[in-house]
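J.: I'd like to go over a predicted model; first the sequence, then the structure.
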Amino acid sequence: MSRNRAVTLMDLLVGTVIFALILLSVSVINIFSQKEIRISDRNSQCQKEAAYVLEYIIKEIYNGIGDFSHPAVVSTTIDSNPSIIIRKDSNRNGMIDLIPADLQSAFVYNADSYEIFYYPDVSSPSRLVISKNIFMPDFVPAIKDNYITIEITACWDPGGKKSHADCGSQDNPLVTMKNRITMPSVSTH
């Protein structure tokens with residue numbers, strides 16, 4: 001005699017529960033992975049933004065020339081925005097030229113739009129936007145012993161428009177980069 005084996009209701013329920021647990025585990029892992037990837041991506045974007053701005057400023061400062069009475073880097077305000085002005089040796093003669101004056105470029109931070117503008121020549125209105133996610137630059141360079149320290153803080157969404165979260169939260173990461181710049185030395189004869 002052949003015996004018919006049938007799936008009982010209990011077997012079906014146990015199988016369904018096991019399948020649901022496996023599916024739930026895979027879904028939780030997927031959701032967690034997507035969140036971690038998003039956080040990592042935002043953090044990476046902040047690092048790139050801050051590094052780009054810092055390198056841009058460093059490149060300009062390396063072209064600076066100055067002395068005690070005519071400093072190469074000056075912290076100031078332009079249109080009530082924190083700024084730094086860099087005196088550049090335009091003709092590459094290694095001396096400060098007052099007539100015709102050396103070219104002066106500027107970096108200006110607009111706190112309302114979180115942008116940093118670069119003015120290749122402060123006497124001209126033309127400017128470049130080099131960043132739109134800078135939360136708080138330290139444009140008061142600490143000048144000591146021919147070194148300048150500049151600090152840039154970038155936030156993924158500084159105004160909270162995209163993430164509706166404060167800077168420094170998990171959904172809106174904050175990255176601070178600081179660099180100590182050695183000013184080029186110029187000897188006089």
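T.: Arrived safely. Numbers count the residues shown, from 1 in each chain.
J.: quick one: contacts for the residue nearest the centre of the chain?
T.: Geometric centre of the chain, nearest residue: A50, 2.2 Å, by CA atoms, centre = their mean. By CB atoms under 8 Å, 6 or more residues apart in numbering, the contact set of A50 is 134, 152-154, 175-177. Backbone N, C-alpha and C define where each C-beta goes, glycine included.
J.: and it, what helix or strand is that in?
T.: Using DSSP states H and E, the element containing A50 is helix 9-62.
J.: now the following helix or strand past that helix: mean pLDDT?
T.: Where DSSP H and E defines the elements, the next helix or strand beyond helix 9-62 is strand 73-78. The pLDDT scores in strand 73-78 average 86.
J.: CA-only coordinates of strand 73-78 in CSV, if you can.
T.: The C-alpha coordinates for strand 73-78 follow below in CSV (Å, rounded to 0.1, in the frame of the first residue of the first chain):
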residue,chain,number,x,y,z
VAL,A,73,47.5,87.9,3.5
VAL,A,74,45.0,90.2,5.1
SER,A,75,41.8,89.2,6.9
THR,A,76,39.0,91.8,6.2
THR,A,77,35.4,92.2,5.2
ILE,A,78,34.1,92.9,1.7
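J.: Pull the distance from that strand to the chain's centre.
T.: Mean-position distance between strand 73-78 and its chain equals 21 Å (CA atoms, centre = their mean, to the nearest Å).
J.: hmm, who's touching the next helix or strand after it?
T.: Counting by DSSP H and E, the element after strand 73-78 in chain order, helix or strand, is strand 81-88. For strand 81-88, the surrounding residues in contact (CB under 8 Å, 6+ apart) are 57, 60-61, 63-66, 70-78, 96, 102-111, 122, 137, 139-141.
J.: Need the CA coordinates for whichever helix or strand comes after strand 81-88. CSV is fine.
T.: Using DSSP H and E, the next helix or strand after strand 81-88 towards the C-terminus is strand 103-110. What follows is strand 103-110, C-alpha atoms only, in CSV (Å, rounded to 0.1, in the frame of the first residue of the first chain):
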residue,chain,number,x,y,z
LEU,A,103,47.6,92.1,-8.1
GLN,A,104,45.3,91.4,-5.1
SER,A,105,42.9,88.5,-5.2
ALA,A,106,40.2,87.7,-2.6
PHE,A,107,38.2,84.9,-1.1
VAL,A,108,34.8,86.1,0.2
TYR,A,109,32.4,84.0,2.3
ASN,A,110,28.7,84.7,2.0
